[in-house]
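Undergrad: Dropping a prediction and its sequence here:
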Amino acid sequence: MRLYRLWGILIVIGATLTAIKIPLQLVIEASLTEDLVYLDWAISVVFAIDLFLNFFRLPAQKGQNPHDRRIRTYYFKGWFWVDFLAAIPFHLVYWLPQLQLVRLIKLARVAQLFHPRRRKPLQYSTIFRLASFFFWLGLASHWLACGWLALSGSYDISYGWGSYVRSLYWCVTTLTTVGYGDVTPTTNVQMVYTMFVMVLGVGMYGYVIGNVANLLANIDLARAHYLENMERLSTFLKYRKIPVELQHRIYDYYAYLWENRLGYDESAVLSELPACLQAEVSLVLKQDFIEKIPFLKGASQELVREIVFELRPVVFTPGTFIFRAGKTGRNLYFISHGQVEIISPDGKTIYNTLGDGDFFGEIALLSSQPRTASVRTIDYSDMYTIDRETFERVLANYPDFAKHVHDIARERLGEEGVVDITQD
């Protein structure tokens with residue numbers, strides 16, 4: 001997959017070089033571009049290889065049999081002709097150089113690669129849209145500059161590339177509606193061409209103001225969402241005259257959420273996914289915790305999947321008692337990030353300190369026994385939890401394993417009548 005992505009980048013580079021070189025070669029002295037003949041051949045070879053790869057890669061991308069004729073037929077009716085025409089070395093047709101423009105059809109592949117559905121790093125989609133806009137704007141400016149150079153007939157071989165630079169300068173000043181007037185049209189055709197570029201520039205200017213500014217403002221959508229929520233929260237706290245100390249604790253809590261979760265509620269984000277994708281993501285996030293529970297060793301993948309799906313994220317602030325000794329236990333907790341301390345009932349002795357990847361309270365899933373110790377957070381703690389009722393409901397679908405779990409529960413509860421809430 002990574003090789004295909006690198007190949008896609010190579011195709012974009014080849015198509016871009018073609019789109020730059022061919023129009024320029026048609027309007028300037030051939031001697032200035034004769035050194036680029038090897039580039040023509042290199043691009044032709046790359047496009048030919050791309051045609052070959054697409055012919056055999058398409059069925060694999062569709063997840064179907066490589067010998068499925070329907071996939072081949074679909075390719076021959078569409079993208080095959082784009083890839084085929086772009087691979088033809090039209091630069092060999094010296095008597096009709098304009099025929100090379102056919103190769104610009106390969107830019108359709110570039111547009112396909114730039115399509116939103118093809119972009120996987122969605123986190124940077126805004127930046128990608130902005131870069132895509134300037135990419136096409138740059139190509140359009142180059143083509144318009146070549147068009148002006150062809151109409152003006154002002155190319156001077158002694159001046160070299162300066163003629164093209166002067167044409168590009170005219171194009172940029174006209175597109176941006178600046179128009180200093182130092183390069184002006186002198187013929188009717190040039191005037192019509194200039195008016196067309198001016199109209200195009202007005203449309204581009206409106207697009208920039210209406211969209212690019214918005215893209216820049218929302219380039220970090222998560223931060224914008226977080227700041228909006230904080231502003232709304234601040235207004236509420238001040239309106240309700242919440243004590244300043246409590247306000248600071250609330251702000252600290254949301255600051256922690258921003259630093260560790262970009263301000264998003266994990267449950268809310270996952271709830272928008274289909275059930276199958278929720279289960280897959282939950283399994284990736286939480287399976288390591290489940291595998292550490294002694295009485296779940298040997299459980300089937302289906303059972304583990306259901307339990308993982310039922311885990312709920314919770315966050316505790318520093319110094320919070322998650323539960324106290326003597327209370328009836330009903331939840332099992334997994335520590336994703338943070339630290340907690342196991343404290344004696346009188347609060348004078350610290351039995352143990354647990355950190356990332358540890359779990360506690362597992363006996364609550366096996367029996368409604370009082371807690372034998374208290375658990376207090378040391379710092380902000382990200383955890384996952386599941387209650388006894390949910391656990392029993394999941395086990396009801398697996399009677400054999402449920403019997404195994406309850407046998408283990410009776411054995412543990414029978415050991416000196418003591419329930420240990422720390423890990424085995």
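TA: On my side now, so go ahead. Residues are numbered from 1 along each chain as shown.
Undergrad: all strands for the protein, in order.
TA: Remark: strands assigned in the chain by DSSP state E are 312-316, 321-323, 331-337, 340-343, 350-354, 359-360, 374-377, 381-387.
Undergrad: now the ones you listed in TSV, with distance to G201, mean pLDDT and mean neighbour count?
TA: Every C-beta, even on glycine, is put in place using the N, C-alpha and C of the backbone. Formatted as TSV, the strands of the chain follow (distance: least, Cβ to Cβ, whole Å; pLDDT from 0 to 100; neighbours: other Cβ atoms under 10 Å):
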stretch	distance to G201	mean pLDDT	mean neighbour count
strand 312-316	51	89	17
strand 321-323	63	92	18
strand 331-337	52	86	22
strand 340-343	63	93	20
strand 350-354	64	91	15
strand 359-360	63	84	23
strand 374-377	60	94	21
strand 381-387	52	89	21
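Undergrad: Can you redo the ones you listed as CSV, where the extra columns are distance to Y256?
TA: Putting the strands of the chain into CSV (distance: least, Cβ to Cβ, whole Å) gives the following:
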stretch, distance to Y256
strand 312-316, 7
strand 321-323, 17
strand 331-337, 10
strand 340-343, 16
strand 350-354, 19
strand 359-360, 21
strand 374-377, 12
strand 381-387, 9
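Undergrad: E302 is nearest to which of the ones you listed?
TA: Closest of the strands of the chain to E302 is strand 381-387, at 16.5 Å (criterion: Cβ to Cβ).
Undergrad: Just the angle for the closest one relative to strand 350-354, thanks.
TA: Relative orientation of strand 381-387 and strand 350-354, computed by axes from the mean of the first three to the mean of the last three Cα atoms, to 10 degrees: 100 degrees.
Undergrad: Just checking: what are the partner strands of strand 381-387?
TA: Strand pairing for strand 381-387, using DSSP bridges, gives strand 312-316 (antiparallel), strand 331-337 (antiparallel).
Undergrad: Going along the chain, name the helices of the stretch 251-400 of the chain.
TA: Along the stretch 251-400 of the chain, counting by DSSP state H, counting those that start in this stretch, helices occupy 266-271, 275-290, 301-310, 388-395, 399-413.
Undergrad: number of nearby residues for P274?
TA: Residues lying near P274 (other Cβ atoms under 10 Å) number 8.
Undergrad: whoops, V308 was the one
TA: Number of residues near V308 (other Cβ under 10 Å) recorded here: 21.
Undergrad: pLDDT score for it?
TA: pLDDT for V308: 83.
Undergrad: close enough to count as contact, it and V281?
TA: No - in this structure V308 lies outside contact range of V281 using Cβ atoms under 8 Å: 9.7 Å.
Undergrad: Same list, the strands paired with strand 381-387, but as TSV with distance to I43 please.
TA: Conversion of these to TSV gives the following (distance: least, Cβ to Cβ, whole Å):
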stretch	distance to I43
strand 312-316	52
strand 331-337	51
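Undergrad: which other helices and strands contact the top helix by length along the chain?
TA: Counting by DSSP state H, the longest helix found in the chain is helix 125-152. The contact analysis (3 or more Cβ pairs under 8 Å, 6 or more residues apart in numbering; DSSP states H and E) places helix 125-152 against helix 2-27, helix 162-175, helix 188-207, helix 213-217.
Undergrad: among those helices, which is nearest T390?
TA: Nearest to T390, of the helices and strands packed on helix 125-152 and by Cβ to Cβ, is helix 2-27 at 40.4 Å.
Undergrad: List the buried residues in the closest one.
TA: Buried positions in helix 2-27, judged by neighbour count with 16 or more other Cβ atoms under 10 Å: 8, 11-12, 14-19, 21-27.
Undergrad: how far out from the middle of the chain is it?
TA: Remark: helix 2-27 is offset 25 Å from the chain centroid, using Cα atoms, centre = their mean, to the nearest Å.
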